[in-house]
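[1] Quick one, fold the following:
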Amino acid sequence: MTTETNTNSVLNTVKEAFAPVTEAFKNIQNLEVPEATREFVKKSASTAKERAADLHAGSEKVTAVIETAVAGSVSEAAKISRNIQQAIYQDTEAFFAGIDKLASAKSLNEAVQIQSDMVRARGEVFMSRAKSTTEYLGKLVADGAKTAQDNFAKVYNKTV
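    Residues are numbered from 1 along each chain as shown. Now for the predicted structure:
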C-alpha cells in the first residue's frame with residue numbers, strides 16, 4: 001500500500017505542478033481576439049491581395065510589351081528582307097542592262113565610257129542605299145527604344 005500511496009502522491013504532485021499550465025491551455029481555448037487585432041489582420045490580408053493583383057496586372061503588361069516588341073520585330077525583319085530582295089533584283093537588272101549597253105559599244109573608248117558610267121551609277125546607288133539604311137535603322141532603333149521606354153514606364157508606374 002505504501003507503493004500505491006507513493007504513486008498517488010507523485011501523481012498529485014505532478015498534477016499540482018502542471019496545474020497552471022493546464023489552466024493556461026484551458027484559458028487559451030476561450031481567449032478572445034481583440035477587435036483591433038482582427039481588423040489589422042483583415043486589412044493586411046486585403047492590402048496583400050491588392051498588391052498581388054497589381055503585380056499580376058503589371059506582369060500582364062510586361063508580357064504585352066514583349067509580345068508587341070516581338071511582333072514589331074518580326075514585321076520589321078520581313079520588311080528588311082523584302083527590301084533586300086528588291087535591291088538584289090534591281091542590281092541584277094542593272095547588271096544585265098549594263099551588259100546590253102556594253103554589247104552595243106562600237107569602240108573600245110565607248111565601252112570604257114559605258115563601263116565608267118555604270119560603275120559611277122552603281123556607286124551612287126550604293127551610297128544612296130547606305131544612307132537610307134543608316135537612316136532607317138537609326139529611326140527603327142530610336143522608335144523601338146522610345147516605345148519600350150514608354151511601355152515599361154507605364155508598367156512600372158502601375159506596379160509601384
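
[2] rest of the way, CA atoms for contacts and neighbours
    Fine.

[3] Name the next helix or strand downstream of the lengthiest helix in the chain, please.
    If you go by DSSP state H, the chain has its longest helix at helix 35-103. On the C-terminal side of helix 35-103, the closest following helix or strand by DSSP states H and E is helix 108-159.

[4] other SSEs contacting that next one?
    helix 35-103 (3 or more CA pairs under 8 Å, 6 or more residues apart in numbering; DSSP states H and E).

[5] circling back: could you give the angle of the longest helix of the chain to helix 108-159?
    170 degrees (axes from the mean of the first three to the mean of the last three CA atoms, to 10 degrees).

[6] how distant is helix 35-103 from the center of its chain?
    9 Å (CA atoms, centre = their mean, to the nearest Å).

[7] contacting residues for Met98?
    Slight slip there: residue 98 is Gly, not Met. By CA atoms under 8 Å, 6 or more residues apart in numbering, the residues touching Gly98 are Ile114, Gln115, Met118.

[8] Look at the first one and say how many residues are nearby.
    For Ile114, the count of nearby residues is 18 (other CA atoms under 10 Å).

[9] Find the nearest non-adjacent residue to it, please.
    Leu102 (6.4 Å; CA to CA, 6 or more residues apart in numbering).

[10] these two touch, right, the one you found and Gln113?
    No: using CA atoms under 8 Å, Leu102 is not in contact with Gln113; the gap is 9.4 Å.

[11] These two: which is more packed in?
    The neighbour comparison of Leu102 against Gln113 (other CA under 10 Å) goes to Leu102, with 19 against 14.

[12] What separation do you get for Lys101 and Phe95?
    Separation of Lys101 from Phe95 (CA to CA, to the nearest Å): 10 Å.

[13] Show the low-confidence segments of the protein, by residue range.
    Scanning the chain for pLDDT under 70 picks out 1-7, 10, 24-25, 27-33, 65-66, 69-73, 151, 154-160.

[14] ok, now with 50
    For the chain, the stretches with pLDDT under 50 are 1.

[15] and the end-to-end length of stretch 21-35?
    Termini of stretch 21-35 sit 26 Å apart (CA to CA).

[16] scratch that, stretch 21-36
    For stretch 21-36, the first and last residues are 27 Å from each other (CA to CA).

[17] same check, this time on stretch 94-110
    So stretch 94-110: terminal residues 18 Å apart, CA to CA.
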